[in-house]
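Enquirer: pasting a predicted model and its sequence here:
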Protein chains: 2
Amino acid sequence: MERVFDLDAVLAEVRRALEAGRIDEAVRLLSDQRPADLVEVFEELEDEEQVDLLPRLEVEDSADVLEYMDDLEAADLADELTDADLARIIDEMEPDEAADLLGDLEPERRRTILAQLEDPDEIRPLLLYDDETAGGRMTSDVLVLRRRMTVADALQAVRTTAPSPSAETLYYLYVVDRDGRLVGVTCLYDLLRADARALIADIMSSDVISVRADVDQEQVARLMTRYSLLSAPVVGYGDVLLGVITHDDLLDVMEQEATEDIQRQGAMQPLDRNYLDTPALTVARKRAGWLLLLFFTGTLTSRVLQAFEAELAAVVSLAFFIPLLIGTGGNAGAQTTSTIIRSLALGEIDLDDAWHVLWHELRVGMLLGLIVGVIGFGLALFWETQFSVAQAVALALLAIVVWANAVGSLLPLLATRLHIDPALVSNPLMSTLVDATGLLIYLQIAKVILEL
Amino acid sequence: MERVFDLDAVLAEVRRALEAGRIDEAVRLLSDQRPADLVEVFEELEDEEQVDLLPRLEVEDSADVLEYMDDLEAADLADELTDADLARIIDEMEPDEAADLLGDLEPERRRTILAQLEDPDEIRPLLLYDDETAGGRMTSDVLVLRRRMTVADALQAVRTTAPSPSAETLYYLYVVDRDGRLVGVTCLYDLLRADARALIADIMSSDVISVRADVDQEQVARLMTRYSLLSAPVVGYGDVLLGVITHDDLLDVMEQEATEDIQRQGAMQPLDRNYLDTPALTVARKRAGWLLLLFFTGTLTSRVLQAFEAELAAVVSLAFFIPLLIGTGGNAGAQTTSTIIRSLALGEIDLDDAWHVLWHELRVGMLLGLIVGVIGFGLALFWETQFSVAQAVALALLAIVVWANAVGSLLPLLATRLHIDPALVSNPLMSTLVDATGLLIYLQIAKVILEL
């Protein structure tokens, strides 16, 4: 396995070949690699080298490069190619990937290239769908069976289908009626085991799980994972089969969605590209919105402190515990939201469970609040603060942790209710909200206990 | 697609049947469902109902239940079954899932059950591996081909292999030599297209990607995703083929690893079970360690404040900005770690990129720090604080954001260097670290500017 990832040597050789002007050798070195490896090496080359080299690679390799690269980088590279070269490469790409790339080109150029393709009608319908829907992810290059075919006919059809790119879609074989409506599914393994003279209608399963073209890719991935599907058929109006989402698309979607959720947890808009290839200005822009929103929300803490100025001036030691208390509240809240957001994403809980979840988290909050409350009490006394300040700190810790758990569990559910992605309830958002409200809780408790 | 998830009606019917004592009807209702749906309905039943019903389901359905349930819940349920019932169900399970379940039983009971199985030798070797390694995930029930077989022989072998559970492993067919060493791979599609008289040795690809049994499941998933593999062969010493990791295992691993990363981001140990089925005490225990560690780290803020007591007493308005400043630092740090951790997980960056990443984040930090610094300056003036306090706030914001970005990018890389999972650098850890250090930066800057 080590060997597979050790591409530095290959890169060095390719570079040496290019510097010495031995383009053919560079092409050969690259085409000996597996597609994912080829692209990894290719991406390390300078932009001008990439533009020079791409049209000279074997056309299947060039197609792999544009398929595997991040969408926006592929589009940048495509912009540098001649129309003829680009059309030739796109003809070789999987239709869904080709449509994504064409969708990222200027409208003018897209029309020019489409006009030069061998089979534009395979791609044109895919341009209608958003990239991140079932329709945008599906491939339209699918072998379909008919009910009246025999098993022998079907096997013959499989044998005569061109290998790549369609081989991926062949493990499940979908059956349509004369109007193109999806009516059944079978698989290669069942075809092989069946009597050659049997009809497809007799061996197929008519209980097919399908998705509509406009369904979000995340839902498609959840469905395919739930039923361990190797591929899923995409249908349009009247259950007409439009295409198939394959295994590699599922893996892409799962990875992309997990990345987005993790980046959102950190309160930033997801990056569209590979991290180091994203300019600092773009990274800053993806973070600035949330950072500023949280900054303005955070100014509430200053207002709360100003409101309690007299109390703080009277008992200065109260101030020493402020960052500790609100920090602990933020941490407890972040722990809660992380759990709830993931449970929502996995479908372990839904809106109907709201009260159950709240009750669960209130008990967790009580347990954790009691523990940190007792420890906080001891610490405050140990630091020789007044007994009553220690009391206020302990009570406030309990109250803030319970409060943070309640907010942390309800906010993602509220977001779901409002049809907002619950992953937007990020850890920083939680801690900022708990900062201001926790401060209010603490100072209010202190005011009562210390009779200020 | 809606229909697929609407299981409430099924659950209600099953409940009615059980209450009326019509067990057969409940069994039939459940066995009409797809496995994932059957299990979802089954899990909603009361514990006693589950124990009663499980041995009476069709044995394939009982096996599905124990396979799809969370590991710990399946073990709880298994504890309630008789030895005979449990052995009968385990015989029907996929070997890898059976081994996981047996591994969760008491050693005494495990031995008893193993002795009653039809084919214990299929499972025994799997017990040697940790659940979360390639060896623990693989299935050992694999059809292998030999180089000297003809394509016709191979197709015949596929036809005569028992269908489920092994059908999943049949899309790629692995070829071994007489010592059981992995020497090649082919697939059903290639077999179908090849001349029936050709030898497997002539049509197979000898360039097989394999994993060793002791490799962590996360690495296996990364490899399978990278090369879009439907299954991956697992090998032991001398490249001997031990088993195969299938598509459904890959999906499980990807989901499980994403869950763990997201829960770790929120500073909690990953839960082993479905959220609502985890008792509040367990949830609290999974969070208490981090919460307390962060609490003790957070006490540093109190020490810093005590050290600057004189300065704070002299200019009270300095204190108003404390939560806002350290909160903003924590947010900027959380944004950075979320990006870096995910880039590390996807292999977009590695340790060699450390300086490049640091430089990237310093520039991002400068940009963001300048923006919030200017806004903070304006706000502080607007609130009628002294000009010099506003200066200190603005400078501190710039310094803290840059500092937070530096810490946020270097800590995950440092963790990687120390062979610790970088996902442990959670958002709460970041904000707690930035709380204390940010406070020090702010008060030190204020001290200099205000000449205190």
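Expert: Arrived safely, thanks for sending.
Enquirer: what segments of the stretch 151-300 of chain A are strands?
Expert: Secondary structure of the stretch 151-300 of chain A (DSSP state E, counting those that start in this stretch): strands at A:172-176, A:182-187, A:211-212, A:231-235, A:241-246.
Enquirer: mean neighbour count and distance to chain B for the ones you listed - can I get that in CSV?
Expert: (C-beta placed from N, C-alpha, C; glycine too.) Below are those laid out as CSV (neighbours: other C-beta atoms under 10 Å in any protein chain shown; distance: least, C-beta to the nearest C-beta, whole Å):
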stretch, mean neighbour count, distance to chain B
strand A:172-176, 22, 10
strand A:182-187, 20, 8
strand A:211-212, 20, 6
strand A:231-235, 26, 10
strand A:241-246, 26, 9
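Enquirer: may I see those strands arranged in a markdown table, with mean pLDDT as well?
Expert: Output for these, formatted as a markdown table (pLDDT from 0 to 100):
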| stretch | mean pLDDT |
| --- | --- |
| strand A:172-176 | 92 |
| strand A:182-187 | 94 |
| strand A:211-212 | 94 |
| strand A:231-235 | 94 |
| strand A:241-246 | 92 |
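Enquirer: let me see the domain layout of chain A.
Expert: Domain ranges of chain A: A:2-128, A:144-260, A:275-449, per automatic domain parsing.
Enquirer: hang on, isn't A:Arg88 packed against A:Leu57?
Expert: No - here A:Arg88 does not reach A:Leu57: they are 11.3 Å apart, not a contact under C-beta atoms under 8 Å.
Enquirer: of the strands of the stretch 151-300 of chain A, which approaches A:Leu66 most closely?
Expert: Closest to A:Leu66 of the strands of the stretch 151-300 of chain A, according to C-beta to C-beta: strand A:241-246, at 17.7 Å.
Enquirer: give me the neighbour count for the residue lying closest to A:Gly243 once chain neighbours are set aside.
Expert: Spatial nearest neighbour of A:Gly243, chain neighbours left out: A:Met138 (3.3 Å); criterion: C-beta to C-beta, 6 or more residues apart in numbering or on different chains. As a burial measure, A:Met138 scores 31 neighbours (other C-beta atoms under 10 Å in any protein chain shown).
Enquirer: could you report the separation of A:Met138 from chain B?
Expert: Counting by C-beta to the nearest C-beta, to the nearest Å, the separation of A:Met138 from chain B is 15 Å.
Enquirer: wait, what's in contact with A:Pro95?
Expert: A:Glu122, A:Ile123, A:Leu126, A:Thr139, A:Ser140, A:Asp141, A:Pro165, A:Gly243 (C-beta atoms under 8 Å, 6 or more residues apart in numbering or on different chains).
Enquirer: and what of A:Leu414?
Expert: By C-beta under 8 Å, 6+ apart, the contact list for A:Leu414 is empty.
Enquirer: so which strand or helix has it?
Expert: Taking DSSP states H and E as the criterion, A:Leu414 maps to helix A:387-417.
Enquirer: ok, for the residue in the stretch 1-150 of chain A positioned nearest to chain B, nearest residue in space, not its chain neighbours?
Expert: Here the stretch 1-150 of chain A gets closest to chain B at one residue, A:Ala36, 4.8 Å apart by C-beta to the nearest C-beta. Distances taken as C-beta to C-beta, 6+ apart place B:Arg226 nearest to A:Ala36, at 4.8 Å, with adjacent residues excluded.
Enquirer: got a pLDDT number for the one you found?
Expert: With respect to pLDDT, B:Arg226 scores 85.
Enquirer: if we can go back for a sec, so the residue nearest to A:Gly243 makes contact with A:Glu94?
Expert: No - A:Met138 lies out of contact with A:Glu94 (C-beta under 8 Å); the separation is 10.2 Å.
Enquirer: tell me the contacts of the spatially most central residue of chain A?
Expert: Central residue of chain A (C-alpha atoms, centre = their mean): A:Glu257, 1.4 Å from the mean position. Under the criterion of C-beta under 8 Å, 6+ apart, the neighbours of A:Glu257 are A:Gln217, A:Glu218, A:Ala221.
Enquirer: if you set the cut-off to 6 Å instead, what comes out?
Expert: A:Glu218 (C-beta atoms under 6 Å, 6 or more residues apart in numbering or on different chains).
Enquirer: repeat that for A:Leu66.
Expert: With C-beta under 6 Å, 6+ apart, A:Leu66 has these contacts: A:Ala74, A:Leu101.
Enquirer: burial count for A:Tyr171?
Expert: A:Tyr171 has 21 neighbours, counted by other C-beta under 10 Å.
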